[in-house]
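Asker: sequence and predicted structure below; questions after.
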Amino acid sequence: MATKATTPKIEEVKPIEKEEPNPLLEATRKILLAGVGAIVLAQEEIEDFVNRLVERGEIAEKDGKKLVREMMAKRKKETAKAEEEFNKRIEEIIKRMNVPTKVDIDVLSEKITALTKKVDELKKS
């Protein structure tokens, strides 16, 4: 006697709803990506420029490498400074918008935990 093979039921798959992107977050993301792109482009331009000077014999190769290192060190310093300023401005915006910070949420969470323990103790007695 042959039995019929049954095929498993395929459940209906609901499309995943995408969350609306936060406009502030998207703008910040685009600014940061543009900054990274500008930094990479600037580094490549500096290296190309110095390489052309070395090829023309206007500066020695050793001096060219030293110049590139100095420029990259200066770029890193300026980038760190710009990042610090950017972070300060973002913090100011968040404060103006009255958005709770992670620290605020952590403090509230600790308070809730303490209050929950007290309520549980009161229920027991």
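Answerer: Received the coordinates, thanks.
Asker: select the longest helix from the chain.
Answerer: helix 61-96 (DSSP state H).
Asker: what packs against it?
Answerer: When contacts are defined as 3 or more Cβ pairs under 8 Å, 6 or more residues apart in numbering; DSSP states H and E, helix 61-96 sits against helix 23-56. For glycine as for every other residue, the C-beta is placed from the backbone atoms N, C-alpha and C.
Asker: next, the buried residues of the longest helix of the chain.
Answerer: By neighbour count on 16 or more other Cβ atoms under 10 Å, the buried set for helix 61-96 is Gly64, Leu67, Val68, Met71.
Asker: how far does that helix sit from its chain's centre?
Answerer: From the chain centre to the centre of helix 61-96 is a distance of 16 Å (Cα atoms, centre = their mean, to the nearest Å).
Asker: beyond that helix, next helix or strand please.
Answerer: Of the helices and strands lying after helix 61-96 in sequence (DSSP states H and E), the nearest is helix 102-124.
Asker: got a list of contacts for that next one?
Answerer: If you take Cβ atoms under 8 Å, 6 or more residues apart in numbering as the criterion, helix 102-124 is touched by Pro100.
Asker: give the rounded mean pLDDT of that helix.
Answerer: Mean pLDDT, helix 102-124: 93.
Asker: dump that helix to PDB, keeping only the CA atoms.
Answerer: Output of helix 102-124 as PDB, limited to C-alpha atoms (Å, rounded to 0.1, in the frame of the first residue of the first chain):
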ATOM      1  CA  LYS A 102      22.000  56.800  29.100                       C
ATOM      2  CA  VAL A 103      23.100  57.900  32.500                       C
ATOM      3  CA  ASP A 104      19.600  59.300  33.200                       C
ATOM      4  CA  ILE A 105      18.000  56.000  32.100                       C
ATOM      5  CA  ASP A 106      20.500  54.000  34.200                       C
ATOM      6  CA  VAL A 107      19.700  56.100  37.300                       C
ATOM      7  CA  LEU A 108      16.000  55.600  36.800                       C
ATOM      8  CA  SER A 109      16.500  51.900  36.300                       C
ATOM      9  CA  GLU A 110      18.400  51.600  39.600                       C
ATOM     10  CA  LYS A 111      15.600  53.500  41.400                       C
ATOM     11  CA  ILE A 112      13.000  51.300  39.900                       C
ATOM     12  CA  THR A 113      14.900  48.200  41.000                       C
ATOM     13  CA  ALA A 114      15.200  49.600  44.600                       C
ATOM     14  CA  LEU A 115      11.500  50.400  44.700                       C
ATOM     15  CA  THR A 116      10.600  47.000  43.400                       C
ATOM     16  CA  LYS A 117      12.600  45.400  46.200                       C
ATOM     17  CA  LYS A 118      10.900  47.500  48.800                       C
ATOM     18  CA  VAL A 119       7.400  46.700  47.400                       C
ATOM     19  CA  ASP A 120       8.200  43.000  47.400                       C
ATOM     20  CA  GLU A 121       9.400  43.200  51.100                       C
ATOM     21  CA  LEU A 122       6.200  45.000  52.000                       C
ATOM     22  CA  LYS A 123       4.100  42.400  50.300                       C
ATOM     23  CA  LYS A 124       5.800  39.600  52.300                       C
END
